[in-house]
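K.L.:
A predicted structure for the sequence below; I have some questions about it.
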Amino acid sequence: MSTLRQSITTLLLDHDLSAREISQVIGIREKEVYEHLAHIARSAAVKGKFKVQPAVCRDCGFEFKKRDRLTPPGRCFQCRSESIIPPRFRIKEV
Ligand SMILES: [Zn+2]
């Protein structure tokens with residue numbers, strides 16, 4: 001695991017953070033954070049401990065629970081709103 005991924009993992013231990021918040025702390029772009037998160041989520045070290053609080057539509061409250069990708073959708077499937085609260089991530093400690 002790269003140092004960067006290790007840092008992100010440490011940040012997420014029992015803290016809910018969005019990719020934007022992680023990007024601000026680590027100093028990399030949000031897009032890169034999502035790439036690292038995808039690797040972290042699949043890694044054996046955090047298997048079963050990686051939790052996603054799904055993205056939510058600000059306008060109708062729809063939760064994007066069934067989304068496979070970690071990135072939020074561009075717009076709501078239900079009301080077409082583009083105002084989406086991004087998902088938050090956490091790694092549960094044992
Ligand atoms: Zn909506």
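P.N.:
Alright, I've got the coordinates. All of these numbers come straight from a predicted model, not from anything done at the bench. Numbers count the residues shown, from 1 in each chain.
K.L.:
Which of the three states applies to the residue with the largest distance to the centre of the chain?
P.N.:
Centroid-distance maximum for the chain: residue 79 at 22.6 Å, with CA atoms, centre = their mean. Of the three states, residue 79 takes coil under DSSP: H, G, I helix; E, B strand; the rest coil.
K.L.:
That one contacts residue 58, doesn't it?
P.N.:
No: using CB atoms under 8 Å, residue 79 is not in contact with residue 58; the gap is 9.9 Å. C-beta: built from backbone N, CA, C; applies to glycine.
K.L.:
How about the residues of the chain by the ion?
P.N.:
Residues of the chain lying close to the ion by CB under 5 Å from the ion are 57, 59, 60, 62, 76, 78, 79, 81.
K.L.:
Just to check, residue 55 is in contact with residue 87?
P.N.:
Yes: here residue 55 reaches residue 87: they are 4.5 Å apart, a contact under CB under 8 Å.
K.L.:
what residues are shared contacts of the two?
P.N.:
Each of 64, 72 lies in contact with both residue 55 and residue 87 under the rule CB atoms under 8 Å, 6 or more residues apart in numbering.
K.L.:
picking up where we left off before, what's the spacing between the residue farthest from the centre of the chain and residue 59?
P.N.:
Separation of residue 79 from residue 59 (CB to CB, to the nearest Å): 5 Å.
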